[in-house]
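K.L.:
Got a sequence here, can you model it:
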Amino acid sequence: LDQRCSQETLRLLQRIYAGLDDADGLASVAKLRNETSLEERILDSEIAGDWTQALACYEQLLQERPGVMRNHFSMLRCLRNLGHIQTMLTHAEGCIARYPREVASFSAFGVEAAWRLGRWDLVQEFLPHAKAHRQPFECHIGEVLLAMKTGDQHRTSQAMKQARATVLEPLAAASMESYQRAYKMMLRLMQVHELGQVSEALFDMG
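P.N.:
Sure thing, here's the model as predicted:
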């Protein structure tokens, strides 16, 4: 990259490289910046897989701009990547109470945290709100697991179909873009397949 690039050009390049998951390109951009904003530090940390540093930046960002919803969503994803699931659940519950207009989005994060913690009561509580909008993949997984937990074979089958459909559509697009994006979708498809095998064994035993 040319040393004469303006800071605005570097920010544009950073967004492009981030969209391509190009860690080398992002590292080159970082070396050329004269100054680094908080958002740029977050992106650098996430691409490098340094979620602890990213979390520290998100905490600072939320202190400065607590009402920006995308910052809360990003922090919740960061907590998930760090494995801080109880903190993720607590933050999602707090946001549901504070920002009722975003209850569907925060409930989806709540479902994801709750099923990981085995809090089936909360999965059941969050799901109706999360289903008010298009559900993310993790919500469908929560619904599958809840249906299996309650022994509802029909609901398990329906939730499994929805989870599979959630993966297949973006998989077709991701396969045209990059191997890394397609790989993530393939892992999700494998997860659905394995859940299907478990549910078949479970209900056959019953």
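
K.L.:
I'd like to know how many residues surround the closest residue to residue 64 other than its chain neighbours.
P.N.:
Spatial nearest neighbour of residue 64, chain neighbours left out: residue 38 (7.8 Å); criterion: Cβ to Cβ, 6 or more residues apart in numbering. No exception for glycine: its C-beta is placed from N, CA and C like everyone else's. Neighbour count of residue 38, defined by other Cβ atoms under 10 Å: 13.

K.L.:
One more: residue 170?
P.N.:
Around residue 170 there are 15 residues (other Cβ under 10 Å).

K.L.:
next SSE after the helix or strand it falls within?
P.N.:
Applying DSSP states H and E as the criterion places residue 170 in helix 153-177. As assigned by DSSP H and E, the chain's next helix or strand after helix 153-177 is helix 179-205.

K.L.:
packing partners for that next one?
P.N.:
Judged by 3 or more Cβ pairs under 8 Å, 6 or more residues apart in numbering; DSSP states H and E, helix 179-205 is in contact with helix 137-150, helix 153-177.

K.L.:
In JSON lines, list those helices along with mean pLDDT and distance to residue 110.
P.N.:
Output for the helices and strands packed on helix 179-205, formatted as JSON lines (pLDDT from 0 to 100; distance: least, Cβ to Cβ, whole Å):
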{"stretch": "helix 137-150", "mean pLDDT": "93", "distance to residue 110": "9"}
{"stretch": "helix 153-177", "mean pLDDT": "86", "distance to residue 110": "17"}
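
K.L.:
Can you tell me which of the ones you listed is packed in deepest?
P.N.:
Highest mean neighbour count of the helices and strands packed on helix 179-205: helix 137-150, a mean of 22 (counted as mean count of other Cβ atoms under 10 Å).

K.L.:
Can I get that one as CSV, trimmed to CA atoms?
P.N.:
Taking Å, rounded to 0.1, in the frame of the first residue of the first chain, the C-alpha atoms of helix 137-150 are listed here in CSV:
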residue,chain,number,x,y,z
PHE,A,137,-29.6,-19.6,13.0
GLU,A,138,-28.8,-19.9,16.7
CYS,A,139,-32.5,-19.2,17.6
HIS,A,140,-33.5,-22.1,15.4
ILE,A,141,-31.0,-24.3,17.2
GLY,A,142,-32.5,-23.2,20.5
GLU,A,143,-35.9,-24.1,19.3
VAL,A,144,-34.8,-27.5,18.1
LEU,A,145,-33.1,-28.3,21.5
LEU,A,146,-36.1,-27.0,23.5
ALA,A,147,-38.5,-29.2,21.4
MET,A,148,-36.2,-32.2,22.0
LYS,A,149,-36.1,-31.4,25.7
THR,A,150,-39.9,-31.4,26.0
